[in-house]
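K.L.:
here is my input; please provide its structure:
(one chain, ligands or ions: 1)
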Amino acid sequence: MFDLDRFIADCRDAVNADPSHKSVREIVARAVSDPAAVLAGLGAPVHAGVDKLYNGPDLTILNVIWGPRMTIMPHNHLIWAVIGVYTGREDNIFWRRVPAGGRIEAAGAKSLGERDAEPLGRDIIHSVTNPVSRLTGAIHVYGGDFFAVSRSEWDPETLAEGRYDLAKNMRLFEEANTARPRA
Ligand SMILES: [Fe+2]
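P.N.:
Model (predicted):
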């Protein structure tokens, strides 16, 4: 059984005891090891969006629902993250900076499916695609206030660095719903 209040309390206790991602990764891994329980606890995804489950200076916990085949451009977080997928799939491309002009190049990839819980270091740059034709659901835990950090995103065509536009990124989720009417 997935108890959201318990999950939030466990994650907060964990970072209080150790500010690294290590114990949070274990908590997220345990949660998504039973995807049906998470679906029962959070409800099955019905539309793309980002639900704040908890947001404080210590942690941010989001229920991220990716629209079918939606892609979000390369960005960094500047705080660690743990991603746990409980339905569908998240394909991550990891990028690294190249010396010239704030640009990046692809450096690796990781495809996350149900039951995967992946830590991302604070300097990671990634882009994310939901490769499947239905909604993907994942719990994202960040080691700080996700909404207060000033960070970067990279134009998906030119790969030039710019300032992360939170409102635009949230709009991408809404646009995914326009393409696919709400259930
Ligand atoms: Fe991200």
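K.L.:
could you look up the SS state of the most centrally placed residue in the chain?
P.N.:
Centroid check for the chain by Cα atoms, centre = their mean gives His140 as the closest residue, at 4.4 Å. Counting by DSSP: H, G, I helix; E, B strand; the rest coil, the backbone at His140 sits in strand.
K.L.:
isn't it right next to Ile65, touching?
P.N.:
No: counting by Cβ atoms under 8 Å, His140 stays clear of Ile65, with 10.9 Å between them. For every residue, glycine as well, the C-beta is placed using N, CA and C.
K.L.:
show me what contacts the residue nearest to the centre of the chain?
P.N.:
Thr60, Ile61, Leu62, Asn63, Val64, Ala81, Val82, Ile83, Gly84 (Cβ atoms under 8 Å, 6 or more residues apart in numbering).
K.L.:
okay, how far is it across stretch 60-73, tip to tip?
P.N.:
21 Å (Cα to Cα, to the nearest Å).
K.L.:
give me the number of residues near the nearest residue in space to Asn130 that is not next to it in sequence?
P.N.:
Excluding the flanking residues, the one nearest Asn130 by Cβ to Cβ, 6 or more residues apart in numbering is Trp66, at 3.7 Å. Around Trp66 there are 29 other residues, counting by other Cβ atoms under 10 Å.
K.L.:
please enumerate the strands of the protein.
P.N.:
Under the criterion DSSP state E, the chain carries strands at the ranges 49-55, 60-66, 71-76, 81-87, 89-97, 104-113, 117-120, 125-129, 136-142, 152-154, 161-163.
K.L.:
do you know which of those lies nearest Val15?
P.N.:
Closest to Val15 of the strands of the chain is strand 136-142 (Cβ to Cβ; 8.9 Å).
K.L.:
for the residue nearest to the centre of the chain, give the beta-bridge partners.
P.N.:
Beta bridges link His140 to Leu62, Ile83, judged by DSSP bridges.
K.L.:
how about Ile93?
P.N.:
Ala109, Ser127.
K.L.:
give me the neighbour count for it.
P.N.:
The number of residues packed near Ile93 is 16, by other Cβ under 10 Å.
K.L.:
nearest residue to Thr71 in space, please, no chain neighbours.
P.N.:
Using Cβ to Cβ, 6+ apart, the closest residue to Thr71 is Thr129 (4.4 Å).
K.L.:
the one you found reaches Gly67, doesn't it?
P.N.:
No: if you go by Cβ under 8 Å, Thr129 and Gly67 don't touch, sitting 10.7 Å apart.
K.L.:
about what we covered before: the residue nearest to Thr71: how many residues sit nearby?
P.N.:
Thr129, neighbours per other Cβ under 10 Å, totals 17.
K.L.:
just Ile61 next, same as before
P.N.:
Around Ile61 there are 23 residues (other Cβ under 10 Å).
K.L.:
ok, now which ones touch it?
P.N.:
Phe7, Ile8, Cys11, Lys52, Leu53, Tyr54, Asn55, Ile139, His140, Val141, Tyr142.
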